[in-house]
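Asker: could you look at this predicted model? Sequence included:
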Amino acid sequence: MRLATWNVNSIRTRHGRVVDWLVNADVDVLAMQEIKCKPEQFPLEPFEAAGYDVVLHGLSQWNGVAIASRLPMTDVQIGFAGQPGFEKGYEGADAPLEARAIGATVGDVRVWSLYVPNGRALDDPHMDYKLRFLRALADDSARWQAENPGAALALTGDFNVVPFDHDLGDPSMIPGVSTHISPAERDAFHAFEQAGLTDVVRPLVPEGYTFWDYKQLRFPRNEGLRIDFILGSAGLADRVVDARIDRDQRKGDAPSDHVPVVVDLHDDDDDDDRPMIF
DNA sequence: ATGTCTCAGTCACTGAGA
């Protein structure tokens, strides 16, 4: 199975590029973020014409997540247990949930498409929301793994955190001032390891950015960020045979500001792909 | 210069979000 994640920054603007890429890159399952539309506005036809079913969660012109798959999807879930809500000017516990998480099972892999809140500024209420979102996601993922020991879980998407200094190429981002690089955000990201989830792309692609701002010639200068990830349970990590970041998708006409991140998994029941141990 | 991009609301712009 070839599994990918891509923050598409409006699927209505980008569906031609996205479907062309799905077909040409021979991708089975694509988790998308920032589709920026409601369900009735999603361009289903080009996906279906190319052989992909789509499940999605979109509430407005903001956020929005989806999964396109040419393999059957089951157990579709909108949002995760304990996901916090947010409403500008209101921080109550019953704030409405945003369209930032959708899960589905493909084969024996539980796939999540996740769009973690940006944070906006270190002292903005959105930053507290971001940290609570990450902690709740790690907690729910740990709980799921305890209930499904050994199973393959993939948390994919735009985490809006730059985990390491070498993932930071944007010179305008200042430690202590900028979002995405603060110790609190990095701690919240690294806590997924304690929850049993590792970055399954990093061992195969140790360097490389997944996002370049549209402003300030960030892509031509290669001043990007690595903020899009595929985190996997041990049961998923054991099956990863290849991974890549498709930097070329930042080129050409009307690109997203993010590029796809891809992993290849061998089938759990396919002994031919595994070393034989006697 | 928040120097670019996207969408809503409304129809040439502003506001919001990233």
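Answerer: That came through, no problem. In this text the structure is predicted, and so the values were computed from the model without any measurement.
Asker: surely A:V262 is in a strand?
Answerer: Yes - the assignment for A:V262 (DSSP: H, G, I helix; E, B strand; the rest coil) places it in a strand.
Asker: what about chain A, any weak spots by pLDDT?
Answerer: Counting by pLDDT under 70, the low-confidence segments of chain A come to A:270-278.
Asker: which residues touch the closest residue in space to A:C37 that isn't next to it in sequence?
Answerer: Excluding its sequence neighbours, the residue lying closest to A:C37 (C-beta to C-beta, 6 or more residues apart in numbering) is A:G58, at 5.1 Å. No exception for glycine: its C-beta is placed from N, CA and C like everyone else's. Each residue near A:G58 by C-beta atoms under 8 Å, 6 or more residues apart in numbering is listed here: A:I35, A:K36, A:C37, A:K38, A:P39, A:Q41, A:F42, A:G64, A:V65, A:A66, A:A99.
Asker: distance of the nearest residue to A:L122 once chain neighbours are set aside relative to A:E87?
Answerer: Closest residue to A:L122 apart from its sequence neighbours, by C-beta to C-beta, 6+ apart: A:S182 at 6.0 Å. In this structure, A:S182 lies at 23 Å from A:E87, with C-beta to C-beta, to the nearest Å as the measure.
Asker: repeat that for A:Y214.
Answerer: From A:Y214 to A:E87 the distance is 28 Å (C-beta to C-beta).
Asker: just to revisit the earlier point, ok, A:S182 and A:E87, which is more surrounded?
Answerer: Per other C-beta atoms under 10 Å, whichever of A:S182 and A:E87 has more neighbours is A:S182, with 19 against 13.
Asker: ok, now which ones touch the more buried one?
Answerer: A:S182 is in contact with A:L122, A:P175, A:G176, counting by C-beta under 8 Å, 6+ apart.
Asker: of these - the most surrounded one?
Answerer: A:L122 (13 neighbours).
Asker: A helix includes that residue, no?
Answerer: No - secondary structure assignment places A:L122 outside any helix; it is coil (three-state DSSP).
Asker: my guess is it contacts A:H180. True?
Answerer: No - at 10.2 Å, A:L122 and A:H180 do not qualify as touching, with contact defined as C-beta atoms under 8 Å.
Asker: around DNA strand B, pick out the residues from chain A.
Answerer: Along chain A, the residues adjacent to DNA strand B under the rule C-beta under 7 Å from any atom of the strand are A:9-10, A:12-13, A:36-37, A:41, A:60-63, A:88, A:117-118, A:120, A:126, A:213-216, A:254.
Asker: what pairs with the spatially most central residue of chain A across the strands?
Answerer: If you average the C-alpha coordinates of chain A and look for the closest C-alpha using C-alpha atoms, centre = their mean, you land on A:G157, 0.5 Å from that point. With DSSP bridges as the criterion, the beta-bridge partners of A:G157 are A:L114, A:F229.
Asker: give me every residue that touches it.
Answerer: Neighbours of A:G157 in contact, by C-beta under 8 Å, 6+ apart: A:T5, A:N7, A:A31, A:Q33, A:V65, A:W112, A:S113, A:L114, A:Y115, A:V116, A:D228, A:F229.
Asker: please, where are all the helices along chain A?
Answerer: A:11-24, A:44-49, A:125-147, A:183-194, A:234-237 (DSSP state H).
Asker: next, format these as a markdown table and append mean neighbour count.
Answerer: Listed next are the helices of chain A as a markdown table, based on neighbours: other C-beta atoms under 10 Å:
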| stretch | mean neighbour count |
| --- | --- |
| helix A:11-24 | 18 |
| helix A:44-49 | 14 |
| helix A:125-147 | 19 |
| helix A:183-194 | 16 |
| helix A:234-237 | 20 |
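Asker: what's the closest of those helices to A:P260?
Answerer: With C-beta to C-beta as the criterion, A:P260 lies closest to helix A:11-24 of the helices of chain A, at 6.8 Å.
Asker: what does that closest one contact?
Answerer: A:6, A:8, A:27, A:30, A:32, A:35-37, A:41-43, A:46-47, A:50, A:52, A:64, A:66, A:68, A:246, A:249, A:252, A:254-256, A:260.
Asker: try stretch A:164-176
Answerer: Applying C-beta under 8 Å, 6+ apart, the set of residues contacting stretch A:164-176 from outside is A:162, A:178, A:180-182, A:207, A:209, A:213, A:216, A:218, A:222-227.
Asker: ends of it, how far apart?
Answerer: Distances were taken as C-alpha to C-alpha, to the nearest Å; on that basis the terminal residues of stretch A:164-176 are 15 Å apart.
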